[in-house]
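[1] Here's a sequence, model it:
(2 chains)
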There are 2 protein chains.
Amino acid sequence: MAAMRNSPVRFAVVGIDHRHVYDLVEGLLAAGAQGVGYCDQGSDPRVAQGLASRFPELKAFSRAQDLLTHPEVDVIVCAAIPADRAEIAITAMRHGKDVLVDKPGVTTAEQLAQVTQTVAQTGRIFSVCFTERFLVPAVQHALELVQGGAIGEPLHTLGIGPHRLNAAIRPDWFFQEDRAGAILVDIASHQIDQFLVFTGSPTAEIAHSHVGQYHPKRAGADFNDFGEIILQTERHRGYVRVDWFTPDGLPVWGDGRFFVTGTDGTLEIRKYLDIEGRPGGNHLFLADRQGTRHIDCSAMPLTFFARFVADVQARTQTAMSQAHAFEVCALALQAQALAHPRSRPA
Amino acid sequence: MAAMRNSPVRFAVVGIDHRHVYDLVEGLLAAGAQGVGYCDQGSDPRVAQGLASRFPELKAFSRAQDLLTHPEVDVIVCAAIPADRAEIAITAMRHGKDVLVDKPGVTTAEQLAQVTQTVAQTGRIFSVCFTERFLVPAVQHALELVQGGAIGEPLHTLGIGPHRLNAAIRPDWFFQEDRAGAILVDIASHQIDQFLVFTGSPTAEIAHSHVGQYHPKRAGADFNDFGEIILQTERHRGYVRVDWFTPDGLPVWGDGRFFVTGTDGTLEIRKYLDIEGRPGGNHLFLADRQGTRHIDCSAMPLTFFARFVADVQARTQTAMSQAHAFEVCALALQAQALAHPRSRPA
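    You can find the predicted model right below:
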């Protein structure tokens, strides 16, 4: 691939085990990329059907290898079972492709080391789509505001990421930590990403982490339904709580919130709903020296996919720096490794 | 004092250094107690003036001793400088008075041991008014809902207690930890109280605690403006964040929130305002198996003071158990002692 070119970026999908693949494909198409096809072999045949009906222009392939080595493919999109993503990504990069994976990008420290090495050797892009930022205009806009000084110097972030379990429709691998990635590796990675970017920190320490199964009678004995992390730098702290306790009656999959405290102001994001309040999601609430404001961010355009496509063409890192993507993965793995699991007593 | 009696409970005020004294007096009067008087010696003469103008029926005394030994006084109300409260309370109890103190009730473990011993020896009541529960109808109602099973089994609480610093009008002692009580002892005690009662836990462990000065250029070098605690039991966890970072433009002193996650539902309390939402405070938001609800609790009557007055008469513990009051104090002191202070780098 040339250092700069104008022809469209072409992508193919290898790994369709998680429905997040729809978001990745939709975002790339909207950003002007062209879909070459997808490998229709996945753990859940309904996802292949979903891809076919949503994106009829995408051609189905039965062999992943045909896409990983396809001469017209620039980018491999991957939402495979999390434990399998690194290997697909490494193969793709060794064949000259850039990679856009669903989170978590990796599930072990060994995978992270191998991916990091492959990026260094090949010069390819390994991007992880942190959907709770890149697909949420309110988060994107809040970051712009904070970076513009709207709340002074940011000091503390607090992210809550409750998720609906939907146990009945989850595949078996979802409940296997070695395949899905443990709770902090998987759903807490969003919150780590947000702590780092909102506080402007290249890295952080894990001051505390914990996982546990808190529901007394649900799912398998090994399924941790709760996790928390405290991140720190010399100037900032961040609390992260993730769980699988979204109530059945909530109209969205989770009441995700993100709070930032700064020297001169605070902000709150209600990502997916404003419970019993305004319709829709993407609500931003700001308090500063002058007063308070509500900002409806729902119509603000997302920039991630357009930037990623431009990065593929120009070999830049405007969507997200490569170092940041790796740092989020490393911190999530570290938090999980340091967590003291606590199973509920009988 | 007889074991049960019908004559009104009479109180006197010794210690008027914090404006919380207005709330305590107002609550007791509304509950039918009679005010004998107050000692007008305090660190801030404006508080004595405030008492005189708000409660003209209260007689001013210049000597605390005259009230602590007054034969007609049943209850001593105390909002002295925090470090002085225990001694006043002990003297009062030794003279046969019950005690209602503003939080924090004590500032050291030694004080707590002495107060505990005095309660055991005298049979008097040592009550700490945790205003962020007892003066907030939404918290009181939420607790009733949770205890009634509205969200299933409670698993996690998350309390945020930002406060406005108002540095210009704070007395000197406010910035002296040994006089005011450190940040976790003082303003985090509310959140510890709420964790214990909402999870129905008689006690808890401190899994993590931290304090620090995060504002780069404010107040004295020793003033910790941020504190956090993680509480745990075998079945529950709770995160507490307190800080002095309420933005100037917020129309109330702090956007206090309290979230509870249960097996079958979640709730959120917006204690003092619903930022850019409904008017007033005391907003409760509930999500359960059926759907979501907003409950305006602002007109719900508070029960604490009536129960406290009844406890004084009937020698019961309906407003709050004595063991709970001591446990909150003990955990706050323990959290502070275990905290790793981190001053901001220059």
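[2] Phi first, then psi, for residue A:22.
    Main-chain dihedrals, residue A:22, degrees, to the nearest 10: phi -60, psi -40.
[3] Nearest residue to it in space, please, no chain neighbours.
    Spatial nearest neighbour of residue A:22, chain neighbours left out: residue A:54 (6.0 Å); criterion: C-beta to C-beta, 6 or more residues apart in numbering or on different chains. C-beta here means a position set from N, CA and C on the backbone, and glycine is covered the same way.
[4] Just to check, the one you found is in contact with residue A:23?
    No: contact status for residue A:54 versus residue A:23: not in contact, 10.6 Å apart, counting by C-beta atoms under 8 Å.
[5] Pick out whichever of the two has more residues nearby.
    Between residue A:54 and residue A:23, residue A:23 has the larger neighbour count (other C-beta atoms under 10 Å in any protein chain shown), namely 17 against 13.
[6] Break chain A down into its structural domains.
    By the record's domain assignment, chain A is partitioned as A:10-129, A:133-302+A:335-341 (automatic domain parsing).
[7] what residue lies at the spatial centre of chain A?
    residue A:130 (2.2 Å; C-alpha atoms, centre = their mean).
[8] I'd say that residue and residue A:188 touch.
    No: with contacts counted by C-beta under 8 Å, residue A:130 stays clear of residue A:188, the gap being 11.1 Å.
[9] Now the common contact residues for the two.
    Between them, residue A:130 and residue A:188 share no neighbouring residue, with contact defined by C-beta atoms under 8 Å, 6 or more residues apart in numbering or on different chains.
[10] any low-confidence regions in chain A?
    In the predicted model of chain A, residues A:1-6, A:219-221, A:341-346 satisfy pLDDT under 70.
[11] let's see 80
    A:1-6, A:217-222, A:340-346 (pLDDT under 80).
[12] Let me see the ranges of the helices in it.
    With DSSP state H as the criterion, chain A has helices at A:20-30, A:45-54, A:64-68, A:82-94, A:109-122, A:131-134, A:137-147, A:177-180, A:183-186, A:189-199, A:304-314, A:322-338.
[13] mind putting these in JSON lines, distance to residue B:269 included?
    Compiled in JSON lines, the helices of chain A are given as follows (distance: least, C-beta to C-beta, whole Å):
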{"stretch": "helix A:20-30", "distance to residue B:269": "33"}
{"stretch": "helix A:45-54", "distance to residue B:269": "39"}
{"stretch": "helix A:64-68", "distance to residue B:269": "50"}
{"stretch": "helix A:82-94", "distance to residue B:269": "36"}
{"stretch": "helix A:109-122", "distance to residue B:269": "40"}
{"stretch": "helix A:131-134", "distance to residue B:269": "24"}
{"stretch": "helix A:137-147", "distance to residue B:269": "23"}
{"stretch": "helix A:177-180", "distance to residue B:269": "34"}
{"stretch": "helix A:183-186", "distance to residue B:269": "26"}
{"stretch": "helix A:189-199", "distance to residue B:269": "23"}
{"stretch": "helix A:304-314", "distance to residue B:269": "35"}
{"stretch": "helix A:322-338", "distance to residue B:269": "29"}
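[14] Tell me which of those helices sits nearest to residue B:161.
    With distances scored as C-beta to C-beta, the stretch of the helices of chain A nearest to residue B:161 is helix A:189-199 (20.6 Å).
[15] Let me see the residues that make contact with that closest one.
    Outside helix A:189-199, the residues within contact range by C-beta under 8 Å, 6+ apart are A:103-104, A:128, A:130-133, A:139, A:142-143, A:146, A:154-155, A:157, A:159, A:161, A:201-204, A:229, A:231, A:233, A:235-236, A:238, A:240, A:242, A:258, A:260, A:324, A:327-329, A:331-332, A:335.
[16] returning to what we had before: which among the helices of chain A is found nearest to residue A:225?
    Nearest to residue A:225 among those is helix A:183-186 (7.5 Å), distances taken as C-beta to C-beta.
[17] and that closest one, does that touch chain B?
    No: remark: helix A:183-186 sits outside contact range of chain B, by C-beta under 8 Å from any C-beta of the partner chain, the gap being at least 13.7 Å.
[18] Now do the buried residues in that helix.
    Buried residues in helix A:183-186, counted by 16 or more other C-beta atoms under 10 Å in any protein chain shown: A:183-186.
[19] do stretch A:296-305 as well
    When neighbours are counted by 16+ other C-beta under 10 Å, the buried residues of stretch A:296-305 are found to be A:296-297, A:300, A:302-305.
[20] Serialize those to CSV and add fields for distance to chain B.
    Below are the buried residues of stretch A:296-305 laid out as CSV (distance: C-beta to the nearest C-beta, whole Å):
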residue, distance to chain B
A:296, 11
A:297, 14
A:300, 18
A:302, 24
A:303, 26
A:304, 27
A:305, 30
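[21] Show me those residues that map onto strands.
    Using DSSP state E, the members of those that fall in strands are residue A:296.
[22] Looking at the buried residues of stretch A:296-305, which one is closest to residue A:82?
    Proximity of the buried residues of stretch A:296-305 to residue A:82 (C-beta to C-beta) peaks at residue A:304, which lies at 20.2 Å.
[23] Which single residue of the stretch 51-200 of chain A ends up nearest chain B?
    Relative to chain B, the nearest point of the stretch 51-200 of chain A is residue A:155 (4.6 Å; C-beta to the nearest C-beta).
[24] Quick check: closest non-adjacent residue to that residue.
    Spatially, and ignoring its direct neighbours in sequence, residue A:155 is nearest to residue B:214 (4.6 Å; C-beta to C-beta, 6+ apart).
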